[in-house]
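In: Need a 3D model of the following:
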Amino acid sequence: MIRRRLPAMLLIPLMFAIIGCSAKQPSADGNPKTMESDRSSSKQEVKLRIAWWGGQSRHDYTLKLIAMYQELNPNVKIDTEYAGFDDFWKKLAPQAAANQLPDIIQMDISYLTQYATKEQLEDLTELTSNGTIDVRSASPETIDSGRVDGKLYGIPLGVNAMGTTYDAAMLKEAGISAIPKNWTWSDLEQIAKRMKAKGKVLDHMRFDQFFPYYLRTQDQHYFSPDGTSLGFSDPRYFIDYFTMYLEWYEAGYMRDWDKESLSKLTPEENPIALGDGFMTMAWSNQFTSLQEAAKKPLSLTGLPGPNGKQGLYLKPTMLFSIAKSSKQKTEAAKFISWFLNDLEANKLIKGDRGIPISSKVKDGLKPTLSEEELKVYDYVTWVEKNSSPMDPPDPIGSAEVSKLLRDMQEQILFRKLTVVQAAAKFMSEANAILAKNKK
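Out: Residues are numbered from 1 along each chain as shown. Here you go, the predicted model:
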C-alpha cells in the first residue's frame, strides 16, 4: 500500500491548529486552563446512586459530604439510600438479585466475598493503577484487605478495632475507678454484677463479632482458611462461651432479649445512649457516634482476655465497592477518591468510618480533633502494637452461618435449646453451609 504524504505547506497550519487546541487559556480566576478544562465544565449530567448503613449522625454528615461533592462537580447528581446495619443488607439482597445495585456500595468485610464471587462487584485494580482512585498515601497492606482471590473489590475507608466503650463516671459512682488494659472476662463479670445492683446493664455482645474474637483468644478461628468449614472442631469453645453468656443473661446483667431483638443496632438505640447501660462492646469507629448519641463523655479500652492481644486485630471499618452493573464506574471511582483524600471532607467524617487510610489525611486531621476524638486515634495506635493479623475475608455462606449463630444464641437465651444442643446443631449446620465452597 502506498502512503501519501501531505505537502509541507499543508502540514504547517495543521500543526498550529493542534497546538492551538491544547494551548492554555486564562480561566475566570486568572489561572491557565486547557480547552479540555472548558469541556469538563460542560459535561453531560452524571447520575450516581450510593448506599450506606449507619446511625443518624453518619447519615447527616454523609448527606453534607455529598452536597459538597455536587457543588464541586455540578454535573454530578447523587441519589442516596441508607439504613441501619441489618436493614441495609436486607434491602441490598433483592437489588443484587435484580442486577440493580447502587453504583457505590458501602461494603462490609463479612459480605465482600459473597458479592465479589457472584460477579456483582467491579475489580478496582485498574482504577487504582491509573490513579482514578488515588491510594498512593495508603499502605499496600491496607488496600490488600479489600482483595478476594487477588482482585480488588473494595477500597477500605478506614481501619478500626473492636473495643470496649464505657461510661467512666457511672463506673466511678459505683466504686470502680478504672479498667486495666489487661482485664479478663472474670473482671467484666464482677463489674457487671456491681452495676446490676445500680440498675445498669451491659450491652449484648454481637454474636458474629465477639464469639469469633473469643475463638481467636483460644487460638481458634471462626472459619477455616479455605472457607469450606468452621475453623474449630471441638464444641467446648462454643459451650464455654455461650454458657458464660447465658449465666450473665440470667443474672440480669443484660437487657431482655425481646427488647434487644427489636434493635436496629443504631447508636441511638444502644443502652449506653439511652442511659440504662454502662458499657458496650463496639468497633472503635462507632465511639464518636455513640458519644454523640449518649450526649456525655465516654471512654474506650481493649476487650477482656486473657490473650486479648491474640484476639484483637485491625480491620477495614467498611469499604466502598462499585457495582459491576454500574454504567458510571469512572465517575463512581472519582467520588471514592475524593472521599478518601479530601481533607475538608474528612473533617466532617471525623474518623466515624475509621482512622483514614491516607497518611496525609490522617496527619492533616490530627491537629483539628477534639480531646474525645483523639481517644479513638490513640486507641487504634495502641491496638496496632497489641493485636494479631486479621483473618481472611469471610467466605461465601458466612452471612448464613452468622444468622444461624444468632438463632442459636436466641434459642439458648429463651431456653429452647441447651448450650450443648445448640453447639451440636450449629457446628453441623454451619459446616454443611460452608462445605458448598469446596471445589
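
In: Please make it C-alpha for all contacts and neighbour counts, starting now.
Out: Noted.

In: the helices in the stretch 1-150 of the chain, which residues?
Out: For the stretch 1-150 of the chain, applying DSSP state H, counting those that start in this stretch gives helices covering 8-22, 35-40, 56-72, 85-97, 109-117, 125-129, 140-144.

In: what would these look like in CSV with mean neighbour count and distance to Y213?
Out: Below are the helices of the stretch 1-150 of the chain laid out as CSV (neighbours: other C-alpha atoms under 10 Å; distance: least, C-alpha to C-alpha, whole Å):
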stretch, mean neighbour count, distance to Y213
helix 8-22, 11, 58
helix 35-40, 12, 49
helix 56-72, 16, 26
helix 85-97, 14, 20
helix 109-117, 20, 14
helix 125-129, 15, 31
helix 140-144, 14, 20
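
In: Specify the stretch among those helices that is closest to A169.
Out: Nearest of the helices of the stretch 1-150 of the chain to A169, taken as C-alpha to C-alpha: helix 56-72 at 23.9 Å.

In: could you say what helices and strands the closest one packs with?
Out: Counting contacts by 3 or more C-alpha pairs under 8 Å, 6 or more residues apart in numbering; DSSP states H and E, helix 56-72 is packed against strand 76-83, helix 287-294, helix 343-349.

In: and with 10 Å instead?
Out: In this structure, helix 56-72 packs against strand 46-53, strand 76-83, helix 287-294, helix 329-341, helix 343-349, with contacts taken as 3 or more C-alpha pairs under 10 Å, 6 or more residues apart in numbering; DSSP states H and E.

In: Dump these into CSV; add mean pLDDT, distance to N160 and mean neighbour count as well.
Out: Putting these into CSV (pLDDT from 0 to 100; distance: least, C-alpha to C-alpha, whole Å; neighbours: other C-alpha atoms under 10 Å) gives the following:
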stretch, mean pLDDT, distance to N160, mean neighbour count
strand 46-53, 97, 16, 19
strand 76-83, 97, 21, 16
helix 287-294, 91, 11, 21
helix 329-341, 98, 15, 20
helix 343-349, 94, 14, 18
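
In: For I176, which of those is the nearest?
Out: Each of the helices and strands packed on helix 56-72 was scored for nearness to I176 using C-alpha to C-alpha, and the closest is helix 287-294 (20.3 Å).

In: Restrict that closest one to CA atoms and write it as PDB.
Out: Once non-C-alpha atoms are left out, helix 287-294 reads as follows in PDB (Å, rounded to 0.1, in the frame of the first residue of the first chain):
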ATOM      1  CA  PHE A 287     -17.100   5.600  69.500                       C
ATOM      2  CA  THR A 288     -17.800   9.100  68.300                       C
ATOM      3  CA  SER A 289     -21.400   8.400  67.200                       C
ATOM      4  CA  LEU A 290     -22.100   6.600  70.500                       C
ATOM      5  CA  GLN A 291     -20.800   9.500  72.400                       C
ATOM      6  CA  GLU A 292     -22.900  11.900  70.400                       C
ATOM      7  CA  ALA A 293     -26.000   9.800  70.900                       C
ATOM      8  CA  ALA A 294     -25.200   9.500  74.700                       C
END
